[in-house]
Each structure stands twice: as C-alpha cells, then as structure tokens.
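got a predicted structure here, sequence first:
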Amino acid sequence: MPLNLTQLATLNEFVRRGSLTAAAEALGYTAGAASQQISALERSVGKPLLRKAGRHLVLTDAGRVLAEHAEGLLLAESRAVRAVTDGAGEVAGTLVVGTWGSTTAALLAPVLGEAAARYPRLGVRSREIDVDEAARAVRLGDVDVAFGLDYPDAPMPRDPRIRLLRLRRESFALAMSPRDSLAARSEASLYELDSADWVMPTAHSAYGMALRTVCRRHGFEPTVVHEVTDTAATLVLAAEGVGIAPVTDLMLRLNPTVGIRRVPLRESVTRDIVLVLPDGVHDATLLALVGVVRGVVSRSRGGAADRPRPGPATTSRCP
C-alpha cells in the first residue's frame with residue numbers, strides 16, 4: 001500500500017509532541033482516531049512503528065526510520081502545495097515569523113508595517129520561540145521563517161533542510177553601572193576582567209556557552225553571580241552595579257531607558273543575527289517577506305545589514 005500523508009503527519013506529530021494524545025490534540029483528532037492512523041500506517045509498511053515502554057509509547061527501530069523520512073515527505077508536500085498556489089507569482093497568504101525578545105521589540109513592528117504597506121494581500125503573524133530553537137521551529141514547520149542568533153563559539157545547528165541568511169553582524173560591548181570604575185573608560189579589555197562579577201545567561205544556552213568560551217580564550221573563567229536569561233532584566237542588574245554584562249545595540253532596544261554605561265570592548269566579540277528559512281524555497285510570498293525583513297534590518301538603528309557576499313558569508317547550507 002502507498003504511504004498516506006495524513007498518517008505520516010500523525011506519526012510526525014507523535015514524535016514532536018511525545019504522545020498520541022498530544023498528537024491527536026494538535027491535529028484536531030480524537031485519541032482513538034490518531035491510534036487508528038498509526039495502525040493503518042503500520043499495515044502499510046508491514047512493521048510495528050510504536051511499542052510500549054512502561055506506561056508510554058515509544059518508536060520502534062522501524063518507527064524511527066520512517067519518522068525521519070516522514071518529516072521530509074511532509075515538507076515536500078507543503079512546498080509542492082505552495083508552489084501550485086503561487087504559480088502566478090502573487091504575494092498573498094499568511095506567513096508565521098518566529099521571534100524572541102530583542103527581535104520582537106526592535107524589528108517585528110516595522111516588519112509588519114512595511115509588509116502591510118507593500119503587500120496588502122500578505123498576512124504576517126508572529127510566534128514567540130526560544131532563540132535556541134529557531135532552526136528546529138523552521139525545520140518542523142512550526143513557523144515559516146524565524147530570527148536566530150549564530151555565535152562563532154556556539155553556532156546554530158546546520159541542517160540541509162534549512163538556510164541561514166545573515167542579516168547583521170553585531171559587536172559586543174559591556175553594560176555596567178555609571179558608578180563602576182571602568183565606566184569612564186573609552187574602551188575596556190577582556191584581559192582586565194578576570195576578577196569582575198558578571199551577569200550572564202545559563203551555560204546551557206548558546207549565548208551563555210559562547211560568552212564563557214570567549215572568556216576562557218582570554219585566560220579566565222567568568223565569575224557569574226547572576227544567571228539571567230531575560231535581557232531587559234540583565235540590563236537592570238548591570239545598571240544597579242551588581243555585575244557587568246555583555247551587550248549589543250539590539251539588546252539595548254529591550255530596555256532603552258535603563259541607566260547603564262556602554263563601554264566598547266577592545267577585542268572583537270561578535271554574533272550574527274540571521275533569518276532561518278527552509279532551504280531551496282522559491283515561494284514568491286516567502287521571498288517577499290524575506291526582502292521586507294532585510295530592508296527593515298538594514299535601516300534599523302544600531303547598524304546596517306551586511307552587504308551580500310558570495311558563498312557562506314551570507315548563506316549557510318551545512319550537512
């Protein structure tokens with residue numbers, strides 16, 4: 001029997017959600033209907049796809065293999081449908097953009113405004129995501145495109161199914177209280193900060209991992225007195241003098257009125273703001289939105305987008 005895409009979608013949602021009940025809810029089925037979809041799929045391939053492990057269902061070896069292919073087949077179907085509906089090259093429909101903290105505060109509103117002005121039939125919705133999950137959100141189809149962050153010392157996962165488009169390279173400075181002894185300096189060096197107290201995200205995040213790696217490369221392990229993920233809260237703590245924090249111009253947009261002193265770093269410590277999108281996309285509507293995002297970023301306060309360069313400087317496709 002040929003594979004049924006509806007049944008594959010049920011298997012795919014089971015993998016994403018962790019249970020048949022959650023998969024059924026996401027797809028608008030009853031739990032019994034979802035179970036029937038999986039049973040029918042098992043009959044098609046002639047192998048069990050799920051097995052019991054205690055009180056839970058888990059994938060069999062055959063289930064894992066089919067789940068890996070299911071994701072690609074469903075993505076291909078989505079692209080095929082979009083290609084047909086986009087046959088006339090018209091920019092129309094609704095797209096979902098994945099955003100987080102700084103990009104929501106600084107970029108989302110102008111993107112929505114410009115998209116509405118240029119493409120009246122294009123609807124743009126947003127969904128807040130964990131920045132470290134941006135690539136996965138696009139790969140799984142939770143969002144159509146997403147803002148992401150790529151650090152030299154903690155790069156985003158590379159995957160042949162996604163593409164990273166660099167929008168801007170940002171340099172880090174230091175955020176500190178105006179009362180700090182370094183606050184009057186025109187610049188500071190990491191080599192001087194081995195005994196400083198820091199405000200940083202957890203080491204389990206890409207951002208926190210990247211910052212700690214940079215410090216170690218300069219000869220010290222940072223003393224993190226406050227592990228904080230929220231950027232706006234980080235800036236408040238830095239302003240109060242409880243620790244210094246790395247900061248970029250985009251991050252400052254989250255709390256522009258906080259009374260910090262921004263001190264440039266002598267060393268070059270950077271990150272790339274990227275747009276994550278499906279690889280190989282030719283959809284006129286999605287490409288139109290990408291153009292809007294690039295234009296907004298290039299005009300936004302705090303720096304311009306990098307000029308396009310050939311090769312991997314602006315686009316990344318890594319296996």
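The structure has been received and is ready for your questions.

how many other residues sit next to residue 265?
If you count neighbours by other C-beta atoms under 10 Å, residue 265 ends up with 17. C-betas here are computed from N, CA, C, even on glycine.

contact partners for it?
171-174, 187-190 (C-beta atoms under 8 Å, 6 or more residues apart in numbering).

for it, phi and psi?
Dihedral angles phi and psi of residue 265 (degrees, to the nearest 10) take the values phi -90, psi 140.

which one (most neighbours) among the contacts of residue 265?
Busiest of these [other C-beta under 10 Å] is residue 174, holding 26 neighbours.

wait, that residue sits on residue 187?
No: using C-beta atoms under 8 Å, residue 174 is not in contact with residue 187, being 9.2 Å away.

mind listing the shared neighbours of the two?
Counting by C-beta under 8 Å, 6+ apart, the shared contacts of residue 174 and residue 187 are 263-265.

can I get the residues you listed in TSV including pLDDT?
Formatted as TSV, the shared contacts of residue 174 and residue 187 follow (pLDDT from 0 to 100):
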residue	pLDDT
263	96
264	96
265	96
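
what's the closest of those to residue 21?
residue 265 (50.0 Å; C-beta to C-beta).

longest helix of the chain?
Identified as the longest helix of the chain according to DSSP state H is helix 61-85.

could I get the contacting residues of residue 127?
96-99, 137, 142-143.

not counting sequence-adjacent ones, nearest residue to the residue nearest to the spatial centre of the chain?
By C-alpha atoms, centre = their mean, the chain has its centre lying nearest to residue 134, at 2.2 Å. Excluding its sequence neighbours, the residue lying closest to residue 134 (C-beta to C-beta, 6 or more residues apart in numbering) is residue 148, at 3.7 Å.

again with residue 214
Going by C-beta to C-beta, 6+ apart, residue 214 has residue 269 as its nearest residue, at 5.5 Å.

how many other residues sit next to residue 58?
Neighbour count of residue 58, defined by other C-beta under 10 Å: 13.

same question, residue 163
Using other C-beta under 10 Å, residue 163 is surrounded by 21 other residues.

could you do residue 202 as well?
Using other C-beta under 10 Å, residue 202 has 12 neighbouring residues.

so who does residue 268 touch?
residue 171.

let's see 10 Å
Neighbour list for residue 268: 152, 171-172 [criterion: C-beta atoms under 10 Å, 6 or more residues apart in numbering].

mind giving me JSON lines with the residues you listed and columns for pLDDT, distance to residue 9 and secondary structure?
Compiled in JSON lines, these are given as follows (pLDDT from 0 to 100; distance: C-beta to C-beta, whole Å; DSSP: H, G, I helix; E, B strand; the rest coil):
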{"residue": "152", "pLDDT": "95", "distance to residue 9": "38", "secondary structure": "coil"}
{"residue": "171", "pLDDT": "96", "distance to residue 9": "44", "secondary structure": "strand"}
{"residue": "172", "pLDDT": "97", "distance to residue 9": "42", "secondary structure": "coil"}
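
so can I have CSV of those showing distance to residue 46?
Formatted as CSV, the contacts of residue 268 follow (distance: C-beta to C-beta, whole Å):
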residue, distance to residue 46
152, 48
171, 57
172, 55
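
can you pick out the most distant pair from the contacts of residue 127?
Between all members of the contacts of residue 127, the farthest pair (by C-beta to C-beta) comes out as 99 and 142, at 12.5 Å.

neighbour count winner among the two?
Comparing residue 99 with residue 142 by neighbour count (other C-beta under 10 Å), the higher total belongs to residue 99, at 23 against 15.

now the more buried one: phi and psi?
When read as degrees, to the nearest 10, the backbone of residue 99 gives phi -130, psi 170.

relative to residue 298, which of the contacts of residue 265 is nearest.
Nearest to residue 298, judged by C-beta to C-beta, of the contacts of residue 265 is residue 171 at 16.9 Å.

without its sequence neighbours, what residue ends up closest to the closest one?
residue 270 (5.3 Å).

and that neighbour, how far is that from residue 298?
Counting by C-beta to C-beta, to the nearest Å, the separation of residue 270 from residue 298 is 18 Å.

quick one on the thing from earlier: adding secondary structure as columns, could you present the contacts of residue 265 in TSV?
TSV is the format used below for the contacts of residue 265 (DSSP: H, G, I helix; E, B strand; the rest coil):
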residue	secondary structure
171	strand
172	coil
173	strand
174	strand
187	coil
188	strand
189	coil
190	helix
